[in-house]
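Peer 1: I would like to see how this sequence folds:
(2 chains)
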Amino acid sequence: MTARSLTPLPLGFHGDRHLLALVDGLAQRADLYLETGANVGSTLGYVARRFRRLDCLACEPDPEAHAVARAHADVRSGVSVLPLTSQDFLAALPALRGDLGRRTPLCWLDAHGYGFEWPLRDEVAFLTRACPRGFLLIDDFRVPGAPAFEWDRYGDQECRFEAVRAAIAPRAAYRLFYPRYSEHTSPWHGLRGWGLIAFGPSLAQVPRLDLEFPDLCRQECAAEALPLDELDLEGELAHLRGLTQQQSGNPELHNALAALYARLGETHSALAELTRALELDPHHADAGANLKCLLEAQRGQPGKRQAVAPGPSGPAVQRYPFRDLVHLVDAPAPLIVDGGAHRGHTVARFLELFPQASVVAFEPQADAARDLRARFPGDPRLTVHHAALAAEPGLLDFERLANDQASSLLPVSEQNRQIHGRRLDAVARERVAAVPLRHAVSQPIDVLKLDLQGYELEALRGAGELLADVKLILTEVEYLPLYAGQPLFSDIDLFLRGQGFRLFHLYSTWCHPSGQISSGDALYLNERFFS
Amino acid sequence: MDQRPPLRIACVDFWPGFEPPHLGQRHPLLHELARIEWSEDPANADLTFFSCFPERKKDRRSRDPRSVWGCPGPRVYYSAENIPADFRQCDFAITFSRTLLDERHLRLPNYVGRMAFFGFPADALLDLPQDPEALLARKTRFAMYIQGNRVPFREDFVQRLSRYKRVDCAGPSLNNVGFLADRMQKFELYRESKFAVTFENESALGYTTEKLPEAFLGQTVPIYWGDPAVTLDFNPAALIQVAGPADVDAAIERIIALDQDDDAYLRLLSAPRFPNHAPPACTTPTAQRHFFSRLLAAAGIRTERPRARLALL
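Peer 2: Got it, this is the predicted structure:
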């Protein structure tokens, strides 16, 4: 399935002209070039030819690609490409270069792709510990706020800073840089993202590459060689202040200083520095954006909607989830997932309220699923899965009850049976398909509705990383176990809070004649999207 | 000379190495139903097939070919990967999904097209070993493992099975034979082996790739993990299914028992590959013809045989 060219390219680093210019600058500071996932050696060969004083070591485990890489990079002495995985390569490195602890490597980390566990974290952990300073240039890296740059993301693995941050040695100070440009210059590849982690014993010894190469990179963040809670922001501030005094006409420095002031909560100083930066360069994009962010921060959080659903307020009010959803859903054509759609009552409601919506419905009971599909014949807005939502794929036993709306993958609890009696008698047992949401939907979800008779938490777990892209979750919750072993409201609440959601409202609380509440609906908002 | 009007088909966002005519080789029925012209220009195609490899890199979020290229005709999402269809982006879909109840969708596991692409007849999996005992006598290897992608669970299983007897690994993953098997060698090596480890890259409902069928074509007994419902499609008496990490020890015990019991092994080797000798209904030429006919009709191509006109004289 993954045929690839075995012909090396004449330039490395994708032939990205801006990245090549940055590498020119980095290579001047390095005395060792390391590359993982060298493939056919395009980049290794380029480095070997262009920077002839650099000691070059690389690895490539695929035998065919390795043979090509070895031939392509065989341009001078001091260049080796080993037929090893990255893990084995790093393990061998101290023996291959006994003086690694005194070297400054420029590393091109590209051993991430489809179908294997990436070594990226191990690479970052090893290199920031084995070398006192260096440059980790990571290919196919997510560049936040710059969607034009592509990055690698396969399954649970995503090539981004959050995935490697914890791997950086605590005693290393670092600065993270991303591309400043967005121009696509590669003749062969799309615009590929990269991240550059420059590290050293202290921040003062880690170069401000964004100031040296202002057209090529921007600094995203910096961390002193200390635990985060002891990060020396004051030291960094003093450092930047000194630089700004020396180069008072440099808008970059004023912008960087403003960012630091903002982090320290000194918004007046931050505004003053941004104003100065924009006086010096009225078209300075970062300073403009920072100013906008700062002003928005004073009004509310940027990029987020305010969670407001007009309706009754005060004590003991009754609200309705669909009325609130109308106010909270802002997409003109939302994607709605209806887990436990039964015969389409809520699907009909969704399509009525959001006529341009697409609804993906899941229903494990065969006849209910067929009825649901038949209720909306030929309606392209609806997709029906005859399946239960679950954490993992499989075939599960499903107990069908006399009241089939109460049927569940879990057995009915004794308490529930006492409340509802014969209506909860099992009338059939079916083997049903179970799919995790992450396998059935791949696009961001506006509303995830779950009514799964105790299986909601399993379904939420099955969403995996997709959950971060769900804006609203309307889920049934139970306050006492209606099904044996089921999670209760508190379990779901804890889970969703841990995933960045907050409870907006509780609805339709069902109260037993004894006064005991048993179930209801809860609406959660993703705090990534709502302030 | 084919007098039918041409149907211009464009293929976009397919995997590296894919060329549009490959689609016709994977699904020869297309050529039977219409006169196909492969178009490089999706904006002027009658029908556009698209997959999930934008810029030739796999991405869970496929792109709507209409918004990217302005495709005027029906859009057909064609997934050879475990990536679902999004009907906001497509008008028809061919995927692995077992659960979609939708006339716009055809479940067609990738192995069906891949077998056709490599020249196997559609019913090749129905052929059973002619002389299982002679076949067993020629098997000189215990087990074969030929995979490129490094999947930790799969590799861990192979290493644990190797504690019993050597597993020959002839792909890039765990290679211990000193060469990389190509396609034809793979079938030869399978024929020499009693078992083949045919774990998928990931476990997902309906996601059965070529790995399992290729072991059958190589006349060996597959050891399989992947689609938890695989035995709805393939005969459980013809393969060894590993349910997951918790089942590894028990599965290895089953394999050892089979290795030490020729009669039991021969029963697996000669068992029909499909339950009741019947391939999954969705993979049959009839199901494909029905789906492709509707798809071509949406693109303005009538595929029914024209009815004879009544003489009005």
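
Peer 1: ok, now which residue in chain A is the farthest from the centroid?
Peer 2: Distance from the centre of chain A peaks at A:Arg422, with 47.5 Å (Cα atoms, centre = their mean).

Peer 1: and that residue, how far is that from A:Leu19?
Peer 2: Distance, A:Arg422 to A:Leu19, by Cβ to Cβ, to the nearest Å: 71 Å. Yep, even glycine has a C-beta here, placed from its N, CA and C like the rest.

Peer 1: before we move on, what about A:Ser80?
Peer 2: 24 Å.

Peer 1: Now the stretch 101-250 of chain B against chain A: closest residue?
Peer 2: B:Asn149 (2.8 Å; Cβ to the nearest Cβ).

Peer 1: domain ranges for chain B?
Peer 2: Domain assignment for chain B, taken from automatic domain parsing, gives B:6-119+B:281-298, B:124-276.

Peer 1: Kindly present those domains as JSON lines, with separate columns for mean pLDDT and mean neighbour count.
Peer 2: Converted to JSON lines, these look like this (pLDDT from 0 to 100; neighbours: other Cβ atoms under 10 Å in any protein chain shown):
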{"stretch": "domain B:6-119+B:281-298", "mean pLDDT": "93", "mean neighbour count": "19"}
{"stretch": "domain B:124-276", "mean pLDDT": "96", "mean neighbour count": "18"}
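
Peer 1: Contact partners for the residue nearest to the spatial centre of chain B?
Peer 2: The centre of chain B sits closest to B:Tyr111, judged by Cα atoms, centre = their mean, with a distance of 1.4 Å. By Cβ atoms under 8 Å, 6 or more residues apart in numbering or on different chains, the contact list for B:Tyr111 reads B:208-210, B:212-214.

Peer 1: Torsion angles phi and psi at residue 213?
Peer 2: By default, I'm working from chain A. Main-chain torsions, A:Phe213, degrees, to the nearest 10: phi -120, psi 70.

Peer 1: switch to chain B, that's the one I care about
Peer 2: B:Pro213 adopts backbone torsions of phi -60, psi -30, taken as degrees, to the nearest 10.

Peer 1: State the distance from it to B:Gly226.
Peer 2: In this view, B:Pro213 and B:Gly226 are 12 Å apart by Cβ to Cβ.

Peer 1: Then A:Arg429?
Peer 2: Distance from A:Arg429 to B:Gly226, counting by Cβ to Cβ: 26 Å.

Peer 1: Kindly report the same for B:Asp13.
Peer 2: Look at B:Asp13 and B:Gly226: by Cβ to Cβ, they are 24 Å apart.

Peer 1: tell me the SS of A:Leu9?
Peer 2: Using DSSP: H, G, I helix; E, B strand; the rest coil, the structure places A:Leu9 in coil.

Peer 1: Identify the residues contacting it.
Peer 2: Contact analysis of A:Leu9 by Cβ under 8 Å, 6+ apart lists A:15, A:42, A:188.

Peer 1: change it to 6 Å
Peer 2: A:42, A:188 (Cβ atoms under 6 Å, 6 or more residues apart in numbering or on different chains).

Peer 1: For it, give its distance to A:Asp16.
Peer 2: Distance of A:Leu9 to A:Asp16, computed by Cβ to Cβ: 11 Å.

Peer 1: Now the nearest residue to the residue of the stretch 101-250 of chain B closest to chain A once chain neighbours are set aside: which helix or strand?
Peer 2: Among residues not flanking B:Asn149 along the chain, A:Gly115 sits closest, at 2.8 Å (Cβ to Cβ, 6 or more residues apart in numbering or on different chains). Element membership for A:Gly115 (DSSP states H and E) is empty, with no helix or strand holding it.

Peer 1: after the strand ranked longest in chain B, next one along is what?
Peer 2: Across chain B, the longest stretch assigned as strand under DSSP state E is strand B:6-12. Note on strand B:6-12: by DSSP H and E, the next helix or strand toward the C-terminus is helix B:20-26.

Peer 1: now for that following helix, which elements pack on it?
Peer 2: Judged by 3 or more Cβ pairs under 6 Å, 6 or more residues apart in numbering or on different chains; DSSP states H and E, helix B:20-26 is in contact with strand B:35-39, helix B:110-117.

Peer 1: Format these as a markdown table; extra columns: distance to A:Pro377.
Peer 2: Below are those laid out as a markdown table (distance: least, Cβ to Cβ, whole Å):
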| stretch | distance to A:Pro377 |
| --- | --- |
| strand B:35-39 | 31 |
| helix B:110-117 | 29 |
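
Peer 1: out of those, nearest to A:Pro487?
Peer 2: Closest approach to A:Pro487 among the helices and strands packed on helix B:20-26 (Cβ to Cβ): helix B:110-117, 36.7 Å.

Peer 1: mind checking how far the helix or strand following that closest one is from the chain centre?
Peer 2: Following helix B:110-117 in sequence order, the next helix or strand is helix B:132-138 (DSSP H and E). Centre-to-centre, helix B:132-138 and its host chain are 27 Å apart (Cα atoms, centre = their mean, to the nearest Å).

Peer 1: need the next SSE after helix B:132-138, C-terminal direction.
Peer 2: Using DSSP H and E, the first helix or strand after helix B:132-138 is strand B:141-145.
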